[in-house]
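# Based on what follows, work out the 3D shape:
(2 chains)
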Number of protein chains: 2
Amino acid sequence: MDVTQVASVLNQEIASLQYGQHPPELYEPIRYMMSLGGKRLRPVLTLLASYLYTDNWQKYTKPAIAVEVFHNFTLMHDDIMDAAPLRRGNPTVHTKWNNNVAILSGDVMLVSAYELFLELKPEQMPTVIRRFNRCASEVCEGQQLDMNFEKIATVSEEDYLQMIGLKTAALLGFSLELGGLVSEAPERDTILLRELGESIGIGFQLKDDLLDVFGEQAKFGKQVGGDIIANKKTFLLIKALQSATGEDQAQLQHWLAKKEFVAEEKVKAVTNIYNRLNIRQLCEAKMNEYFALGLFCLEKLDAPEARKQVLREFVEQIIHREN
Amino acid sequence: MDVTQVASVLNQEIASLQYGQHPPELYEPIRYMMSLGGKRLRPVLTLLASYLYTDNWQKYTKPAIAVEVFHNFTLMHDDIMDAAPLRRGNPTVHTKWNNNVAILSGDVMLVSAYELFLELKPEQMPTVIRRFNRCASEVCEGQQLDMNFEKIATVSEEDYLQMIGLKTAALLGFSLELGGLVSEAPERDTILLRELGESIGIGFQLKDDLLDVFGEQAKFGKQVGGDIIANKKTFLLIKALQSATGEDQAQLQHWLAKKEFVAEEKVKAVTNIYNRLNIRQLCEAKMNEYFALGLFCLEKLDAPEARKQVLREFVEQIIHREN
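Alright, predicted model coming up:
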């Protein structure tokens, strides 16, 4: 068993899912979103976690995919709220169809996520669905906080970490926990799996913030500097606003306030400020703290070392990703 | 046990539900929607159906309320899609807050509906949640068809009945079926209960179409003639377009095409055409057909006559409603 095999089982199953036919405006967008690909990170984590405790990990493919369907549902609705034109290089659903289609199709997509949990044994459902509901609410809380942050002048480091803990990390935490729950891992391990996922999730988002500024354009895929151009309150900007003084503070405020600018000039200027303030190092230190915490949880899992190694390698891939 | 008692138990429970606190933009709209009242028709039906088979109907209050929460979730999202300013005489959520809040808060509301099903016995969950998912998808299908119908010139009677069967009747069908499922009614009865609800649901929507034109303003609550003013493709308009000839057809097309008009004049003119074509009688006949079908299903239920009588009386209240 290795990650490639897991991913291939998942992609085959995802491609064969049935979502209903009529009216097409309701179901086509679901098929479209699910066909845009992506790393399938979350269901891979679920199955790797279940493999820690059982040979029958393939049995949990559908509940694992519930997490991927839910994730894509949140993307469909977030893209409306953020008025995003593109998703994975393709038009977003509300752009390709319209807002109403994206709302309603997303709603049905959330319903289909629940449908995939019905593959579980009935006695597993209450715990799994209760934990999923809690996680789904947290993801929505994180999205609402993220939107609120756009409208306020300053966000504290603490509030930012809380927000990404909800918006991004909660679902990675649930993905791993789910693998433990379905394969009847000891309760202590399901808690450790969740903590592992949540820690990796926060590190994952901090890495995202870093790559957006310091990533290599050729590998990154998105436009390097996009967050700087949009004044996005990332960990980097929050830290810079916190620590800049004198000329740096004035320069930073100048670029944040400027309505018209040449994109490359702004990106270069703000990156220079980040460099003078050692923001990259500060963010990397915080990120590594969370990754270390995650790996510490992984070590404590009560599972065979060889199986833990498969999960460890996948987590390290996430840690060292460059896009 | 009577309907007043059921409604009071439900309203008390609804008032005491907890939905989370932070951020307030996410949870306040849920409390707001649930506090706007309404007849609580659906959960009353669930509990009346469960009472047919058990004395412990109160035990199923939370799953019954899941249906009410789901119904209000659909209203919150439908109101965005229909750009509706008012809901039960109060500002809609997207008007009072904004579209993004209404999308996201609705999403969490759908999640909380599922949470209320977790009160069931685990062995009941697969069937109940599978049936609920099917019904939830149907309600979305109906809403999408309804939006599609706005953009096409003619809708057939058959397509219209299919659309209201999905958008309105499916949930009334599930409400009654749910009462049977949770109280472990014979399978034949859960099917009859669903058919009862679906038939009453179609009759209910046809009554809505009728009241909108022929209701007494003082009792109706909404503006009489609203559907005529908006060219809404109701059963009445579909029937009129189907059967009008000569001068009536010309007059009808004239009023449908007219961009500027005095509302009362249009309402009066179109109502006169309906009267000449006996549209009211045609719609009443179709409605009564569905109500009769519903009552026929009710008679066949394998439950004590006195308990069926409580449900029968409530169904007759729905049939004879004037608002």
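# now the strands for chain A?
Using DSSP state E, the strands of chain A run over A:86-87, A:90-91.
# Dump these to JSON lines, plus mean neighbour count.
(C-beta placed from N, C-alpha, C; glycine too.) Shown next, in JSON lines, are those (neighbours: other Cβ atoms under 10 Å in any protein chain shown):
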{"stretch": "strand A:86-87", "mean neighbour count": "16"}
{"stretch": "strand A:90-91", "mean neighbour count": "14"}
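# want to throw those strands into JSON lines with distance to chain B?
Listed next are those as JSON lines, based on distance: least, Cβ to the nearest Cβ, whole Å:
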{"stretch": "strand A:86-87", "distance to chain B": "16"}
{"stretch": "strand A:90-91", "distance to chain B": "19"}
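# Turn these into a markdown table, columns for mean pLDDT.
Shown next, in a markdown table, are the strands of chain A (pLDDT from 0 to 100):
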| stretch | mean pLDDT |
| --- | --- |
| strand A:86-87 | 94 |
| strand A:90-91 | 96 |
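# between those strands, which one is nearest to residue A:216?
Residue A:216 lies closest to strand A:86-87 among those, at 20.3 Å (Cβ to Cβ).
# partner strands of the closest one, parallel or antiparallel?
As defined by DSSP bridges, the strand partners of strand A:86-87 come to strand A:90-91 (antiparallel).
# about what we covered before: quick one: closest of the strands of chain A to residue A:305.
strand A:86-87 (39.0 Å).
# Give me the distance from that closest one to the chain's centre.
Distance of strand A:86-87 from the chain centroid (Cα atoms, centre = their mean, to the nearest Å) equals 15 Å.
# Could you find the closest non-adjacent residue to residue A:79?
Distance criterion Cβ to Cβ, 6 or more residues apart in numbering or on different chains; nearest residue to residue A:79, sequence neighbours excluded, is residue A:92 at 4.1 Å.
# ditto for residue A:160
residue A:238 (5.5 Å).
# Give me the distance between that neighbour and residue B:177.
Look at residue A:238 and residue B:177: by Cβ to Cβ, to the nearest Å, they are 52 Å apart.
# which bits of chain A sit near chain B?
A:20, A:22-23, A:25-26, A:77, A:80-81, A:99-101, A:103-104, A:106-108, A:110-112, A:114-115, A:117-118, A:122-123, A:125-126, A:129-130, A:133, A:136-137, A:140-141, A:143-145, A:147-148 (Cβ under 8 Å from any Cβ of the partner chain).
# returning to that earlier point: could you verify my assumption that the residue nearest to residue A:160 touches residue A:155?
Yes. Counting by Cβ atoms under 8 Å, residue A:238 does reach residue A:155; the two are 5.8 Å apart.
# where exactly do the helices run in the stretch 151-300 of chain A?
Counting by DSSP state H, counting those that start in this stretch, the stretch 151-300 of chain A has these helices, from start to end: A:157-164, A:170-182, A:187-214, A:217-220, A:226-229, A:235-243, A:246-257, A:263-276, A:279-299.
# that older thread, what about residue A:238 and residue B:177, which has more around it?
residue B:177 (29 against 22; other Cβ atoms under 10 Å in any protein chain shown).
# Let me see the contact set for that one.
Listed by Cβ atoms under 8 Å, 6 or more residues apart in numbering or on different chains, the contact partners of residue B:177 are B:49, B:131, B:190-191, B:193-194, B:197.
# One more: residue A:86?
residue A:92.
# Bridging across strands, which residues link to it?
Here residue A:86 shows beta-bridge partners residue A:91, assigned using DSSP bridges.
# Export only the CA atoms of stretch A:125-145, formatted as CSV.
Only the C-alpha atoms of stretch A:125-145 are listed here, as CSV (Å, rounded to 0.1, in the frame of the first residue of the first chain):
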residue,chain,number,x,y,z
MET,A,125,-22.8,7.2,12.1
PRO,A,126,-23.7,9.2,15.2
THR,A,127,-20.1,9.9,16.1
VAL,A,128,-18.9,10.5,12.6
ILE,A,129,-21.8,12.7,11.6
ARG,A,130,-21.6,14.7,14.8
ARG,A,131,-17.9,15.3,14.4
PHE,A,132,-18.4,16.1,10.7
ASN,A,133,-21.2,18.6,11.6
ARG,A,134,-18.9,20.3,14.1
CYS,A,135,-16.2,20.5,11.5
ALA,A,136,-18.5,21.8,8.8
SER,A,137,-19.7,24.5,11.1
GLU,A,138,-16.1,25.5,11.9
VAL,A,139,-15.2,25.8,8.2
CYS,A,140,-18.2,28.2,7.8
GLU,A,141,-17.1,30.1,10.9
GLY,A,142,-13.6,30.4,9.4
GLN,A,143,-15.0,31.7,6.1
GLN,A,144,-17.2,34.3,7.9
LEU,A,145,-14.2,35.5,10.0
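# and that stretch, how far out from the chain's middle?
14 Å.
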